[in-house]
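# Give me the fold of what follows.
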Amino acid sequence: GLMAVVFKFLSLTSDRVIPENLARNVVGFEHHLANGTAEPVIREFQQGQSALARLGSVAVKHSGKSRAQVTAAVEAAAREETVHLHAGIGVIDVVITIAPLLGLVGTASGLVVIFEGLGDTSNHLAISRGIAEALSTTIFGIAIAVPAVIAHGYFSRRIEKLTARLEGLLAELTHTVSKPDTQA
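Below you'll find the model as predicted:
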């Protein structure tokens, strides 16, 4: 679980998804095309070092096609990028589910120890050990699950924000590189 959290922190940085400099270049891409200065931006797209660059590369690759064709190509690539953005979230989901269940197993085993200590001659030491085991495993299960739930919520919101920003930037880029739709 901890490794998945660290992985998500590293993989959802701005430089890996939407570098600010590239985002500014996407916003001003029409200006770059008009001035003949689009080549460095296109080269950065082709290097594909961020999600925005990879999706920008798809848009530029389909430039000159109709807006619908460019949009369809970018949307298909965006679905794949979204899958990459969600990588590791499944591990956190498993930790959220499994940790309390393992705590519950420990609670049940602690109760077994408690009941074994009960009888004609009660073994107070066994009973107290069973109570301690039951409570300890419950605490550990919850202590593992709670940070995982917090991390999951944080990463889910971060992915939503990043994908919304990507959508806006790519809509603008798609508009710039596609040929105007003709009315029939």
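
# Enumerate every residue touching Thr137.
102-103, 105-107, 109-110 (C-beta atoms under 8 Å, 6 or more residues apart in numbering). C-beta here means a position set from N, CA and C on the backbone, and glycine is covered the same way.

# which one of those residues has the most neighbours?
Counting neighbours by other C-beta atoms under 10 Å, Gly103 comes out on top of the contacts of Thr137 with 22 neighbours.

# Let me know the secondary structure of it.
Counting by DSSP: H, G, I helix; E, B strand; the rest coil, the backbone at Gly103 sits in helix.

# re the thing from before, ok, of the contacts of Thr137, which one's closest to Lys65?
Ranked by distance to Lys65 (C-beta to C-beta), the contacts of Thr137 are led by Leu102 at 53.4 Å.

# could you list every residue that touches the closest one?
137, 140-141.

# Can you pull out the low-pLDDT segments for this structure?
120, 181-184 (pLDDT under 70).

# Let's see that with 90 instead.
The chain contains residues with pLDDT under 90 at 1-2, 13-15, 28-38, 48, 63-68, 88, 100, 102-138, 141, 175-184.

# quick one, helices of the chain?
Applying DSSP state H to the chain gives helices spanning 2-11, 14-17, 20-27, 29-35, 39-47, 51-61, 67-85, 89-117, 124-177.
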